[in-house]
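Engineer: only geometry, no sequence info:
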């Protein structure tokens with residue numbers, strides 16, 4: 001359903017391929033996220049659903065499910081507990097259906113597993129599904145994986161050379177997040193960017209088209225808003241090009257978001273700020289990250305809007321803390 005949801009499934013794909021080397025493994029994913037898994041070496045096929053476009057029409061959705069049903073899969077593993085995914089799994093016609101499900105469709109599953117992401121990392125919760133429904137004990141966990149093509153690498157190299165010629169120290173910033181309660185204040189990002197420019201760093205702003213307005217607002221608050229080493233890539237690149245650009249950053253500073261997980265896949269040192277979302281379930285799944293979370297007792301609230309008003313959880317994470325963590329991450333080779 002989201003960037004992070006899909007990337008956090010990739011360790012499962014690796015484990016399935018290790019345990020079933022000759023199996024045909026088909027991955028069903030949202031068409032707009034295809035770049036993330038297009039070249040995944042552990043799948044045999046990508047089945048794309050255009051859930052906000054063609055398959056959002058009832059007739060096309062029913063026809064899509066019928067096409068899945070005709071495939072006669074031996075096994076369907078559902079790793080997203082929303083109604084759409086649960087119904088596709090339930091009506092897939094597979095010999096065995098396991099995983100997460102909403103109540104109704106789950107009645108026809110062979111085994112429904114509760115998603116334990118509030119108790120452990122989402123990847124570990126996914127591994128529980130394999131252990132408890134398939135008896136898999138050989139967990140091949142190599143972290144989040146994403147492969148890029150030459151075209152994306154070349155496009156990113158061209159953009160980077162134009163933006164930062166011969167500049168080896170660029171910090172990436174990601175202001176956006178799917179919930180407002182996950183977003184560190186834009187004025188804090190602006191101050192952080194100014195202080196990093198004062199330290200001699202270049203600044204690369206990232207994010208999707210939906211983040212363009214908030215990024216513009218943050219840049220407008222900067223004293224160095226017209227500095228030649230402050231560059232905005234927001235909404236201008238594909239997901240694969242985004243990944244290729246992130247590889248060129250020395251550190252990536254981000255909210256809990258999809259780009260955070262892409263940066264993990266690219267093995268980039270991270271500083272991430274957590275407000276409403278739980279660190280336990282979705283922390284950057286690597287050993288190159290510093291996670292800063294709100295010290296307030298209401299963290300994590302799991303809410304899309306703040307009952308207290310003003311997002312005190314995110315404001316409680318200071319610019320000094322994030323700057324110190326960013327400079328510390330610069331020491332990682």
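Structural biologist: Received, thanks. Just so we're clear, the structure is a prediction, and the values are computed from it rather than from any experiment.
Engineer: Next up, the contacts around the closest residue to residue 198 other than its chain neighbours.
Structural biologist: In this structure, residue 198 finds its nearest non-sequential neighbour in residue 224, 7.9 Å apart by CB to CB, 6 or more residues apart in numbering. Heads up, the C-betas are built off the backbone N, CA and C, glycines and all. Contact partners of residue 224, counting by CB atoms under 8 Å, 6 or more residues apart in numbering, are 193, 194, 197, 198, 230.
Engineer: out of those, who's nearest residue 118?
Structural biologist: residue 193 (33.7 Å; CB to CB).
Engineer: Could you double-check that that closest one sits in contact with residue 230?
Structural biologist: Yes: using CB atoms under 8 Å, residue 193 is in contact with residue 230, at 6.7 Å.
Engineer: Neighbour count: these two, which is higher?
Structural biologist: It is residue 193, of residue 193 and residue 230, that has more neighbours when counted by other CB atoms under 10 Å, with 27 against 21.
Engineer: one step back: for residue 193 and residue 230, list the residues in contact with both.
Structural biologist: Common neighbours of residue 193 and residue 230 (CB under 8 Å, 6+ apart) are 203, 219, 222, 224.
Engineer: Filter those down to the buried ones.
Structural biologist: 203, 219, 222, 224 (16 or more other CB atoms under 10 Å).
Engineer: Which members of those residues occur in strands, if any?
Structural biologist: residue 203 (DSSP state E).
Engineer: Redo the buried ones among the shared contacts of residue 193 and residue 230 as TSV? Include pLDDT.
Structural biologist: Shown next, in TSV, are these (pLDDT from 0 to 100):
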residue	pLDDT
203	97
219	97
222	97
224	96
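Engineer: closest to residue 139 among the buried ones among the shared contacts of residue 193 and residue 230?
Structural biologist: residue 203 (39.0 Å).
Engineer: dump the residue contacts of that closest one.
Structural biologist: So residue 203 contacts 170, 171, 173, 193, 196, 197, 227, 229, 230, 231 (CB under 8 Å, 6+ apart).
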